[in-house]
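> got a predicted model here, sequence first, then my questions.
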Amino acid sequence: MFTALLATPVLRADQPSRTVAKQVVVPVVTIEAAHQQYWLGTVVEALEDRDQRWTLDSILTSEMQQRFVAIRGTYPNFSYTSSAYWLRCTVVSAQDILPHEWLIAAYYPSLEHVDFTIITPDGRRFHTQSGATIPLAEKILEHRYHLAYLPPMLHGDTLRVFIRVASRMTTAIPLDIITQRRLVENESVQMIPVWLYFGIALAMCCYNGFLAFALRDKAYLFYVLYIVFYGAFMFVSVNALVFQYFPLFAGLVPTLVTCLSLSGNVAALFFM
């Protein structure tokens, strides 16, 4: 799974632009038949909305479009922040695209608010609301990732993509454009080491629990608690499986992450 690294600085919306460009050049991604996945992490540009007050129409003005800046790093990562961020790119199709064939995916499940808007050449807007605060059943796919379908496209069509993200958790935004088939294939492969990890953690809990009972040694009991708290932290925060398997607890994730982290540290102090 993806984890947060260093924060990437971007230009804030309330800062003056140093240069005024006559024409705004937006990064372009070209979809071809030979590929099923395109990484957007280094392609998108970002704009910080520190007061969370900008609307899509606000950022579509020529002045605001000139304030977007390129991302430094493998993907947008703004760490903990109270700001909202707007991301943009342009998608060009080198083939015909069928409905529900291609998706835009944001791979950090803990993001609380993720809004996708796709604008076609004739001005139509396709809006998809996602995020950890949205019940799983209300998403376009019942998946912990944040997804939006690309509308049907003919060869040579161009789409403008805007994504607004706001979250109390780490605002890391790994992005790509991917076919629905490839998304399912990737998920199957990626989940193998995840479930293997939890299987090993369960085996360690059982073994050390047996030792704690047989030897009457509290140190083993605290070690079991440490494994349980740390495993639950991974389940809730890093792997974020809670969004997919226990969606009713999705709104409690920030609180759960804090409590599990503190509990794990306390348990570790007692068994060391």
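Cool, got the structure. Residues are numbered from 1 along each chain as shown.
> tell me the mean pLDDT over stretch 233-247?
The average pLDDT within stretch 233-247 is 72.
> what does stretch 134-153 give?
Rounded mean pLDDT across stretch 134-153 is 87.
> could you pull out the buried residues of it?
134, 136, 139, 141, 143-151, 153 (16 or more other CB atoms under 10 Å). Placement of C-beta: from N, CA and C, glycine included.
> likewise stretch 92-112?
93, 97, 101-112.
> among those residues, name the ones in strands.
Those of the buried residues of stretch 92-112 mapping onto strands are 93, 102-106, per DSSP state E.
> show the subsequent helix or strand relative to the helix-or-strand element of the chain with minimal mean pLDDT.
Within the chain, no helix or strand scores below helix 242-245, which has a mean of 71 by mean pLDDT, DSSP states H and E. Toward the C-terminus, helix 242-245 is succeeded by helix 253-271 as the next helix or strand (DSSP states H and E).
> now the residue nearest to V257 when sequence neighbours are not counted: how far from C205?
Leaving aside its sequence neighbours, V257 sits nearest to S237 (CB to CB, 6 or more residues apart in numbering; 4.7 Å). Distance, S237 to C205, by CB to CB, to the nearest Å: 19 Å.
> do the same with E32
48 Å.
> ok, the two, which is more surrounded?
C205 (17 against 11; other CB atoms under 10 Å).
> spit out the contact partners of the more buried one.
224, 227-228 (CB atoms under 8 Å, 6 or more residues apart in numbering).
> in which helix or strand does it reside?
helix 180-215.
> tell me the helix or strand right after that helix.
helix 218-233.
> re the thing from before, okay, the ones in strands among the buried residues of stretch 92-112 in CSV with pLDDT and distance to I163 next?
Shown next, in CSV, are these (pLDDT from 0 to 100; distance: CB to CB, whole Å):
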residue, pLDDT, distance to I163
S93, 92, 19
W102, 94, 15
L103, 95, 13
I104, 95, 7
A105, 94, 11
A106, 93, 7
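> do I have it right that Q65 meets I59?
Yes - with contact defined as CB atoms under 8 Å, Q65 reaches I59; the gap is 7.1 Å.
> compare the two (neighbour count), which wins?
Using other CB under 10 Å as the criterion, Q65 and I59 rank with I59 on top: 19 against 16.
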